[in-house]
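**Q** Could you work out the structure for the sequence below:
(chains A, B, C and D)
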2 protein chains.
Amino acid sequence: MSAGRPAPRRVRLADIAEVCGVSSATVSLAMRDSPLVNHKTRARVLTELKRQGYVYNRGAANLRRQTSSTVALLINDLSNPFFAEFAAGVDEALAQAGYVTLLGGTSESPERQQRVLSSLLEHRPAGFILSPAELSDSQALQDLLGEQAHVLVFNRELSRTQWDFLVLDNRRGARLATEHLLQLGHRRIAFVGGHTTSSSCKQRRLGYTEALRAAGVEPDAGWLVECAPTRLDAAASTRLLLPTGAPSPTAAVCYNDAVALGVMNGLAAKDVRVGKDFAVTGFDDIAEAAVAAPALTTIAADPRGLGQRAAELLLGRLEAPQRARQRIVASVTLKVRHSTCPPPPLAA
Amino acid sequence: MSAGRPAPRRVRLADIAEVCGVSSATVSLAMRDSPLVNHKTRARVLTELKRQGYVYNRGAANLRRQTSSTVALLINDLSNPFFAEFAAGVDEALAQAGYVTLLGGTSESPERQQRVLSSLLEHRPAGFILSPAELSDSQALQDLLGEQAHVLVFNRELSRTQWDFLVLDNRRGARLATEHLLQLGHRRIAFVGGHTTSSSCKQRRLGYTEALRAAGVEPDAGWLVECAPTRLDAAASTRLLLPTGAPSPTAAVCYNDAVALGVMNGLAAKDVRVGKDFAVTGFDDIAEAAVAAPALTTIAADPRGLGQRAAELLLGRLEAPQRARQRIVASVTLKVRHSTCPPPPLAA
DNA sequence: CTGGTTCCTTAAATCGATTTAAAAGTAGAT
DNA sequence: ATCTACTTTTAAATCGATTTAAGGAACCAG
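**A** Predicted coordinates for the structure are as follows:
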């Protein structure tokens, strides 16, 4: 067990002060470019700061100044590339503004979300960017965070909160996808995936229904297939789309890309050729969408840009705590690829 | 502009103390279950803490105790699902141990890496988990972090540092992929992607060469195709694999999945059917690999598990600063899917 | 020499929790 | 009543940077 060097204590302002023959107050002021300090003194101090490799202790400064230079980022699912990109965008924009990101992954568990949140709270972040876990308890979150916390909620609505909110234009996205299918000639179009409890699912279903009605098609209750927004569950639900007694759907609008990819797997297993015999659309435009076979027609949303937007919204709120609540609906675009096609002649 | 409530100051230990008629020292001790405190007093204090919704100020405590409850996580590319999963694993394990993750994305830029790092340093994290940007300046990193910092380096070797190191078994992975192709009957096998400067690329090429030599195949210089590890650049490089004068390769071991998917795109554009006329393997097993057409044969490495492992290694180091340097090589496995096939009879 | 400027520097308080030595309180024994 | 032993509480210092009021120096005008 060699001793190594005895871990030199970190350099403090007082150490610099001593060498320069001034007080630590002077060093502090010099460092922060106060006009109170003689430029000769400042130069000496700055040189010495560099020479000793001084590292600012933001924690001490924040304690005294009652400020904070961190923002907490709570993400429901970092394994999902959509949210990972979102996180990357947030971090990038926060770093640019001089903030550090406190990361908290919640794995879609409301309990873990509460635990992670109370741990993050102890670090006194200036604000929170929260992409809530499914089935989050809005009230519990509010109790923990307090009424006047600076919070930006992303993606999922939290009922009865007054926090800023950034969300995709779910309704319009689903309408775009549905209209695209209608234009191709489809009339019997299913909506697959998502839970009725989720606000984004409700909105997407709404867009879907609107598009159908606008085209004079009355949606059939049998076309609404509920399942978890995962590839596996979606694949299992696929049987509900296949011919029974009634005329079956010729296309499916899926809650998101994961569901769409699952549906494509499920259909392939039954020898239904997606893009030839059956049309499928997704939502999110995750990276897999472009390389799937066939490449998935989907709704794109620029998650990295959303992350930057979220950070900017929160920073805006920090600067103007009193400004009115913001509710931003981010636009989405339709990306047509090869999973959509006209209905087969037999079905038309 | 309604005023709202005037933002009640946060509760401090002193506030609790006052109500309970004791000193803040007593509250502090009670909170931390010191045997010095009378159980009757402790009960009163705990009740009051809960009643006022006290939130611990870890910053103040850390300042006094000269400790830290954060760990900095620097990630070269959060958009890459492999690293996003890794980050999720790290965060999960750190949270379990009571640490909070300070996130820093570096976007593969050494300059940004330096900037992000010095910003994180000011928050005095207990340690660092660093997945270095390409072409990182090892010396510059060491100058910034200091010799005795607690650092775990992931994935890319940093020359002449004494930090703990966690890396995939790149050599064995590439050997597994190459052996798989050899067993299928291939003799002319290319290696595509990656830069010679990167340590992981060197190791993978080594495994590839070893496997060839062991099978009595002398690698041809023309089989080594260098390109950036991105889908786009790989697609563009594909032409180098196709028949010219000399007999051309019938299979390709790719540096990673992104390259493999790019190569598949490039070949498809030239009507070469991967999985029928040509075999391709990847590395990483990102989510797209499973849904690509054909599904990609690749090397899997459990990035989330690696993240947890990384966190555990760092935490171990924090507890035992003097222990010998760790160098962990994580095992990988071959995932055979449909992008690999025997060589076409003509070429055999 | 006095009073008034201007310029620069610093002592001391502060942020909130922790820690330790010392004090205060309680009980029991003599 | 006194002493010892033990339990419980607290005053005060501490971590490192910031801030402000006050002080010192230098200079000029009258």
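
**Q** Quick check: which ranges of the stretch 51-200 of chain A have low pLDDT?
**A** Within the stretch 51-200 of chain A, no range satisfies pLDDT under 70.

**Q** Show me where it has its strands.
**A** A:70-75, A:100-105, A:127-131, A:151-154, A:164-168, A:189-192 (DSSP state E, counting those that start in this stretch).

**Q** Dump the ones you listed into TSV; add mean neighbour count and distance to DNA strand C as well.
**A** (Each C-beta comes from the backbone N, C-alpha and C, glycine too.) Converted to TSV, those look like this (neighbours: other CB atoms under 10 Å in any protein chain shown; distance: least, CB to the nearest atom of the strand, whole Å):
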stretch	mean neighbour count	distance to DNA strand C
strand A:70-75	27	16
strand A:100-105	25	18
strand A:127-131	25	18
strand A:151-154	26	21
strand A:164-168	21	26
strand A:189-192	26	51
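
**Q** between the ones you listed, which one is nearest to B:Ser200?
**A** strand A:100-105 (25.1 Å; CB to CB).

**Q** Next up, phi/psi of A:Ser69, please.
**A** When quoted as degrees, to the nearest 10, the phi and psi of A:Ser69 stand at phi -120, psi 30.

**Q** Please apply the same query to A:Val272.
**A** phi -90, psi 120.

**Q** For B:His338, see how far away the residue in the stretch 151-300 of chain A positioned nearest to chain B is.
**A** As assessed by CB to the nearest CB, chain B sits closest to A:Ala293 within the stretch 151-300 of chain A, at 2.5 Å. Distance of A:Ala293 to B:His338, given as CB to CB, to the nearest Å: 10 Å.

**Q** sorry, back to before: what sits against the closest residue to the residue of the stretch 151-300 of chain A closest to chain B other than its chain neighbours?
**A** Once flanking residues are discounted, A:Ala293 sits nearest to B:Ala293: 2.5 Å by CB to CB, 6 or more residues apart in numbering or on different chains. By CB atoms under 8 Å, 6 or more residues apart in numbering or on different chains, the contact set of B:Ala293 is A:Val291, A:Ala292, A:Ala293, A:Pro294.

**Q** Tell me the confidence at the second one?
**A** Read it as A:Ala292. On the pLDDT scale, A:Ala292 is placed at 79.

**Q** Identify the residue spatially nearest to it, adjacent ones excluded.
**A** Nearest to A:Ala292 is B:Val291, by CB to CB, 6+ apart, at 4.9 Å.

**Q** Close to DNA strand C: what parts of chain A are there?
**A** Residues of chain A lying near DNA strand C by CB under 7 Å from any atom of the strand: A:21-26, A:29, A:35-41, A:60, A:63-64, A:66.

**Q** Show me the helices in the stretch 1-150 of chain A, by range?
**A** Applying DSSP state H, counting those that start in this stretch to the stretch 1-150 of chain A gives helices spanning A:13-20, A:24-31, A:39-52, A:58-65, A:81-96, A:110-121, A:138-145.

**Q** Just name the most buried of those.
**A** Comparing the helices of the stretch 1-150 of chain A by mean neighbour count (mean count of other CB atoms under 10 Å in any protein chain shown), helix A:81-96 ranks first with a mean of 25.

**Q** May I have that one exported as PDB, CA atoms only?
**A** Backbone C-alpha positions of helix A:81-96 (Å, rounded to 0.1, in the frame of the first residue of the first chain) are rendered in PDB as follows:
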ATOM      1  CA  PRO A  81     -34.400   7.200 -28.100                       C
ATOM      2  CA  PHE A  82     -37.100   9.900 -28.400                       C
ATOM      3  CA  PHE A  83     -36.600  10.900 -24.700                       C
ATOM      4  CA  ALA A  84     -32.800  10.400 -24.900                       C
ATOM      5  CA  GLU A  85     -32.700  12.900 -27.700                       C
ATOM      6  CA  PHE A  86     -34.900  15.200 -25.800                       C
ATOM      7  CA  ALA A  87     -32.600  14.900 -22.800                       C
ATOM      8  CA  ALA A  88     -29.600  15.700 -25.000                       C
ATOM      9  CA  GLY A  89     -31.300  18.800 -26.300                       C
ATOM     10  CA  VAL A  90     -32.200  20.000 -22.800                       C
ATOM     11  CA  ASP A  91     -28.700  19.400 -21.500                       C
ATOM     12  CA  GLU A  92     -27.200  21.200 -24.500                       C
ATOM     13  CA  ALA A  93     -29.300  24.300 -24.000                       C
ATOM     14  CA  LEU A  94     -28.800  24.400 -20.200                       C
ATOM     15  CA  ALA A  95     -25.100  24.100 -20.500                       C
ATOM     16  CA  GLN A  96     -25.100  27.000 -22.900                       C
END
